[in-house]
Every structure is written in C-alpha cells, then in structure tokens.
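Participant: Show me the folded form of this:
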Amino acid sequence: MCGIAGYIGNKKISSTKKNELFKLMQNRGPDSSGYKLIRNKKNFIHFFFTRLAIIAPEKNSNQPYTYKDKTLIFNGEIYNYLEIRSELKKFGYNFNTNSDTEVLIKALDKWGINCVKRLEGMWSFFFHDSTKNNSYLCRDRFGEKPLFFFKKSDELYFGSEIKFIRCLFDRKLDVDFRKLENFLKFGYKYIHKNNKSYYKNIYYVPSGSYLKITNNNIEEFKYWKIKSKIVDVDEKTYFQNLKEKLFTSIQLRLRSDFPIAFHLSGGIDSNSLAFIAKKYFNYNLKTFSVIGTNPKYDESKMINFASKQLGAEHTNLSIDVKKINFIDILKKQISYHDSPVTTVNSLLNYILYKKIKKDGFKVSITGVGSDEIFSGYYDHHLLYLNEIKNIKNLYKRSCSNWKHTISPIVRNPFLKKMNLYVNNPTFRKHIYQFDSFKKDLFLNNKSPSFTEKNYSKSLMKNRMANEMFNEIVPVVLKEEDLNAMYHSIENRSPFLDSKLFESAFNMPPVYYVKNGMAKWPLRQLIKDFVPEKIRLNKIKTGFNASVKDILKFDNKNIDFLMGESEIFDIINKKKLFKIIKNKKQLSGVESNFIFNFLSVKLFLENER
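Facilitator: Now for the predicted structure:
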C-alpha cells in the first residue's frame, strides 16, 4: 500500500513543491519516498511515490521502479505475484527482489497492459514506456485502490488522493455543487453512479479500467467486463467450487511480511474470514471489534462468543458516542478525505483503525463485499422470491419462511411487503433517500432520475451487481481506504476476488436462499469452521449510531448548524431549522440527512 502522484506537461516542479507533496503523501507511505523525472521531446513526466512496505520491505523494492525503458509507480498488492513470477521465469526473466512490484513491471514488459487480466489483487498504478512513448493509468477490478486524474489543456495531473493533484496544480479547485446537492437529496448510493469527484474536472479512473495516454490524448478501456451466464450444476458441486475459490482468496490475502489484524463483528462475513484463517490456515489471529452503548446496534454478545471460540487475542474497543468529540474527528476526516464523510459508521471505522495502528499493525482484513456477492440484504431476499415465483412449492415455502422469520426483524417499511417485486419489479424507492420531508427542503426540488446499469437479465443479480460496482461497495471502499491510510494501514478484502465473484454471479438464483436464510452459499461454505450460533444467525445488525447520539442539539450546536454557509444555496434554511427544532421526533432518514448536511457544511468550510 502506497501513495502515487504525477504530472505530465511542460511545467517544472520546484524542490519546495516536491517537499510539500511528499509531506501530504506521508500517511499513505511512511516507510520511504521516491521521485523520478523523464524528459522527452514534448514534455516532462514526473513520478512521485511514498511507500508503506508490506511485502519485501527491503530498499531495492522501493519505487519508482525502472526496468529497461519502463518506469512504474504502484499502489496496492498483487496477491498472486508468486504464481506470475514463476510463469515469467519460464520465459527467461530473472528477479532481483522478492516484491510484487518487480513482478508487475516485468509482466507489463512481457504481455503489455493486458497483463492486468492475469492479476488478482488491488491496485492503482502509473506505467510509462519510453520507447513507445505510451503511459497508462490503471485501477483494479473492484476499485479498492483510489486513483484520480485532472486534465487541463496539455497537462495531466494524477494521484491516489485529490490533495496530491491540488498541490501539483497549485491553484484552487472548484467544488461541484451539483454533486453535493445530489448527495444531500438522494443519499450515498447516488454518488458513485459516475466517476465524478466533488471537484469539477477531477475524475476517478473507473474500476476495472485503464487510461492510455499518448501525446496528452487519453483513451479509456474497460479490461474487465462482467459476463452473466447461469451455470446450471447441482448445488453441492457449485458450493464446493465456491469454497475452493474463497479459501484460495483468503490464502492469497494472508501473504504479508507483517502480521495482519482482523476486523470482527457479530455477523457471518468477518467471522467467516477469521475462522477460516484460524482453523484452516492456522493463522495466529489478533481480532478487533467496536462495541457501542446503544442496544439497537449492540453485537457484543455475539462478538465475545466468536472471539472465545476462535481462541484469538481479541480487543473490544468500547465507544460511548456521547463522550467523544465527533465533530473534531469529522473535521479531520473531511480534511483528509477531500470530500464529505458519507455515514456515521465511517467515524467509528476511523476510531477502530486508530486502535489497530496503536497496537502495531499495518495490515488489516475486513468482510467488505460479501453482502453483494452472496445476497446479504433484505431486498435481495424479496428479489429471490420474485426469481422463484414460478416454482410453486418452493415459492410457497419461501414465502412462509419470510413471513414468520424474516419480516418481523425488517425495519425498513418499504421492504415489509413479501410480494414487493412480484407485483412491481421496477420498485426502487428504498435506494434513493428522497423522502417526503425533503420535497420542500431544497431550493431545486428536481426528483432523481433512477439509473441502473445492466449486468444481468436476472433482476436479483442485476441489483446486487449495481450495489457492488455503483452504489454501496464503492462508498465503503473509499471510506475504508482513507480511514485506514490516515493511520498508515493497508486494508484487504478477501470477498473482493474476481474468480470468487464471477463464480457466485453465475450461480443459479435458487441457491441463494434456503429455509428462510439468505447468504445460504456462504453459510454452507463455512459449515465445518464457524459455530452454528454464528453461522445460522439471521439478524443483520452492524455497528452504527444516530446523529442524536453524536451531536447535542443545544443552542450552541443549533447556531453552528444554522450558521452562514454556501450550503444554503442548496438548502432552504428556514425549513431545515423547523426539522432540527423538532429534534425529539427525528426519524432515521431525518437523522441520516442531518448527518449528511453537517458533513457537507464542514466540507465547504474546509474549502474556504
């Protein structure tokens, strides 16, 4: 895990500016820094790199890394680098380091940019071939590692974080108020529907894509496209195939020259990873959990049970949200993220990473992506009912299971209707948070135009893929990457494995739910490793907090919330005040909105 930045153009960069940039990049790479300048006939190419050494920490693995006429700066991990290294050796390549960086640059030398199709991992990199005078910006399939770019006439700026671009550009960036407005209106699931940042003309490199740069012309190519083709084999055979892929994914992500911390919740995702690592791979575990005081989100009993069964060294980080200055933490996050923070959960995540860092870890593992692969949300269950509606006996049993075991624990009022998607396949109101109280709250009351990419003919699979690539997972990955890197920690997500995803995505829909239990495939894969109490737990909790828990609605804070701000070019100030004044009656959606409002307001203040 590292930080990368660069510039292509005619501008010379001073030593003072270089030092300023390296200081900004230090969190992402505290172990070493490197710079390289390449001059060609038309422009300068500047490479900036800071390193968080995880694999092969020796100096000869530092970057920028040069081989022949090629130069690479690379952030992330190529988990299958040992396998690719062995393959390259057959073609006569020799290696001077034990790093995945050297493997990557020599794979690029051998197979060109299409070598990324062979890689399993998380990455963002900039690669330049001096002989061909071509450069590439590339990002991993799921977008685990961030990569931004900004093109202005004949100049190109890029970096792992927007602040790196801001430093090199050395001028004020313009905030995209339309993007902020859409976030406030429609919630976090709206903000990654395109590759725009919160600043005008600064974009993400799309996940699973690369940009080819030739003489300052940019072409975008998608190297990974999801193929939807149901593979109709028996359940036992299919699950065995999934199990092999999951276990291989975990094994690859345990490759590290430093110990790895495991996040542990009360759910089956993090527990699956921890128990397999411990029981199957005999990994010496250290686990970390956040424990709160709100009984609505309390998973402590299940967490304590899991940690005892694991026999691992465990830390419960107890957080009383009423005793922590979350405003100060939120300000730090917003300043580092170069964006509003999207959920209260991100603040808690930030605090947990701080503890993991304090205990000496620089690598961690989380369960991101499992819900979107194995059907973890209640609307997935309803979509499953729609998928099997023509299988009469199964549909009848499944409806009965939903009615008696799942419906009573569903809190979202939109998702209470068992036949929701059977009667209305286009229903999507639960996705965007444009609730009734917002209709008169915005100066521009335009409603959202729903967009959903087409990945599969299956309604259920298409919904899950949109959450994976456009709605939920991109938001979580962005927050986790920045929270982790603020504390110089690399975060790994074993469920985000291309082979595992492709296999699960092409699974017959009938396999996703059984006996009223969603995530049935995962529950079966972990049958021999995870205790039944955890494996068969149906309740989905997740640690969270209400804005009322973290912000006292006293006169001082109300004055702060209603203080002068550019946000009131978007929001009707008087109508917002009425909502805040009725603080005792705040609903969940109103609480989420006020947190988002606070986050955007602090972001705009940080931009002054």
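Participant: how far away is Phe177 from Asp528?
Facilitator: For Phe177, the distance to Asp528 (C-beta to C-beta, to the nearest Å) stands at 54 Å. No exception for glycine: its C-beta is placed from N, CA and C like everyone else's.
Participant: and these two? which has more neighbours close in?
Facilitator: Neighbour count, other C-beta atoms under 10 Å: between Phe177 and Asp528, Phe177 has more, with 16 against 11.
Participant: which residues of the stretch 301-450 of the chain fall in strands?
Facilitator: Taking DSSP state E, counting those that start in this stretch, the strands of the stretch 301-450 of the chain run over residues 313-319, 363-365.
Participant: Which of these has the lowest mean pLDDT?
Facilitator: Ranked on mean pLDDT, the bottom entry among the strands of the stretch 301-450 of the chain is strand 313-319, at a mean of 92.
Participant: So in that sheet, which strands flank that one, and in what orientation?
Facilitator: Strand 313-319 has its sheet partners listed here by DSSP bridges as strand 286-292 (parallel).
Participant: Now the strand it pairs with - C-alpha only, CSV.
Facilitator: Only the C-alpha atoms of strand 286-292 are listed here, as CSV (Å, rounded to 0.1, in the frame of the first residue of the first chain):
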residue,chain,number,x,y,z
LYS,A,286,-5.5,-10.8,16.5
THR,A,287,-9.0,-9.5,16.2
PHE,A,288,-10.6,-6.1,16.8
SER,A,289,-14.2,-5.0,17.3
VAL,A,290,-16.1,-1.8,18.0
ILE,A,291,-18.6,-2.1,20.9
GLY,A,292,-21.1,0.7,21.5
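Participant: Can you tell me how far Ile558 is from Ile329?
Facilitator: As judged by C-beta to C-beta, Ile558 and Ile329 stand 20 Å apart.
Participant: oh, I was asking about Phe288
Facilitator: Taking C-beta to C-beta, one finds Phe288 at 18 Å from Ile329.
Participant: and what of Ser565?
Facilitator: Ser565 sits 20 Å away from Ile329, going by C-beta to C-beta.
Participant: still on that earlier bit, neighbour-wise, which of Phe288 and Ile329 wins?
Facilitator: Neighbours per residue, other C-beta under 10 Å: of Phe288 and Ile329, the larger number sits with Phe288, 21 against 18.
Participant: Mind pulling up the pLDDT for that one?
Facilitator: For Phe288, pLDDT reads 96.
Participant: So it sits against Leu317, correct?
Facilitator: Yes. Applying C-beta atoms under 8 Å as the test, Phe288 and Leu317 come out as touching, 6.6 Å apart.
Participant: Quick check: neighbours shared by the two?
Facilitator: When contacts are counted by C-beta atoms under 8 Å, 6 or more residues apart in numbering, Phe288 and Leu317 have 352, 355 as shared neighbours.
Participant: coming back round to it: with distance to Gln333 added, can I get the strands of the stretch 301-450 of the chain in CSV?
Facilitator: What follows is the strands of the stretch 301-450 of the chain, written out as CSV (distance: least, C-beta to C-beta, whole Å):
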stretch, distance to Gln333
strand 313-319, 15
strand 363-365, 18
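Participant: For the closest residue to Phe326 other than its chain neighbours, give me the pLDDT.
Facilitator: Distances taken as C-beta to C-beta, 6 or more residues apart in numbering put Ile550 closest to Phe326, at 4.2 Å, once the chain neighbours are dropped. pLDDT recorded at Ile550 is 74.
Participant: and Ile550, how many neighbours does it have?
Facilitator: 21.
Participant: Which residues are in contact with it?
Facilitator: By C-beta under 8 Å, 6+ apart, the residues touching Ile550 are 321-322, 324, 326, 344, 347, 595.
Participant: what's the closest of the residues you listed to Leu443?
Facilitator: Using C-beta to C-beta, Phe595 comes nearest to Leu443 of these, at 20.6 Å.
Participant: Contacts only, for the closest one.
Facilitator: 343-344, 547, 550.
Participant: same deal with Arg523?
Facilitator: 268, 517, 535-536.
Participant: Need phi/psi at it.
Facilitator: When read as degrees, to the nearest 10, the backbone of Arg523 gives phi -60, psi -30.
Participant: Let the chain start at 11 from now.
Facilitator: Yes, from this point I'll number from 11; that puts the last item at Arg533.
Participant: quick one: least confident helix or strand in this structure?
Facilitator: Every helix and strand of the chain was ranked by mean pLDDT, DSSP states H and E. The lowest is helix 557-560, at a mean of 73.
Participant: Can you get me the centre-to-centre distance for that helix and its chain?
Facilitator: Offset of helix 557-560 from its chain centre (C-alpha atoms, centre = their mean, to the nearest Å): 24 Å.
Participant: Please apply the same query to stretch 399-412.
Facilitator: Remark: stretch 399-412 is offset 35 Å from the chain centroid, using C-alpha atoms, centre = their mean.
Participant: Show me which positions of that stretch end up buried.
Facilitator: Neighbour counts over stretch 399-412 (16 or more other C-beta atoms under 10 Å) mark 405, 408-409, 411-412 as buried.
Participant: could you give me the average pLDDT of that stretch?
Facilitator: Stretch 399-412 carries an average pLDDT of 93.
Participant: next one: stretch 15-33
Facilitator: Stretch 15-33 carries an average pLDDT of 96.
Participant: One more: stretch 274-291?
Facilitator: Mean predicted confidence for stretch 274-291 is 96.
Participant: How far does that stretch sit from its chain's centre?
Facilitator: Chain-centre distance of stretch 274-291: 20 Å, with C-alpha atoms, centre = their mean.
Participant: go on, stretch 161-178?
Facilitator: Its chain's C-alpha centre and that of stretch 161-178 lie 22 Å apart, by C-alpha atoms, centre = their mean.
Participant: what's the span of it, first residue to last?
Facilitator: Stretch 161-178 has its terminal residues 12 Å apart, counting by C-alpha to C-alpha, to the nearest Å.
Participant: In it, which residues are buried?
Facilitator: In terms of neighbour count (16+ other C-beta under 10 Å), stretch 161-178 has its buried residues at 161, 165-178.
Participant: okay, now Leu82: neighbour count?
Facilitator: Neighbours around Leu82, by other C-beta under 10 Å: 24.
Participant: One more: Lys27?
Facilitator: 14.
Participant: What are the contacting residues of the host helix or strand of it?
Facilitator: Here Lys27 sits within helix 25-35, counting by DSSP states H and E. For helix 25-35, the surrounding residues in contact (C-beta under 8 Å, 6+ apart) are 13, 15, 43, 45, 58, 60, 170-171, 173-174, 177-178, 180.
Participant: Just the CA atoms of the next helix or strand along the chain from it, as PDB, please.
Facilitator: Past helix 25-35, further along toward the C-terminus, the next helix or strand under DSSP H and E is strand 42-49. What follows is strand 42-49, C-alpha atoms only, in PDB (Å, rounded to 0.1, in the frame of the first residue of the first chain):
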ATOM      1  CA  SER A  42      10.200   5.600   2.000                       C
ATOM      2  CA  SER A  43       9.700   8.100  -0.800                       C
ATOM      3  CA  GLY A  44      11.000   8.400  -4.300                       C
ATOM      4  CA  TYR A  45      10.900  10.700  -7.300                       C
ATOM      5  CA  LYS A  46      11.800  10.400 -10.900                       C
ATOM      6  CA  LEU A  47      11.800  12.800 -13.900                       C
ATOM      7  CA  ILE A  48      11.700  11.700 -17.500                       C
ATOM      8  CA  ARG A  49      12.200  14.200 -20.300                       C
END
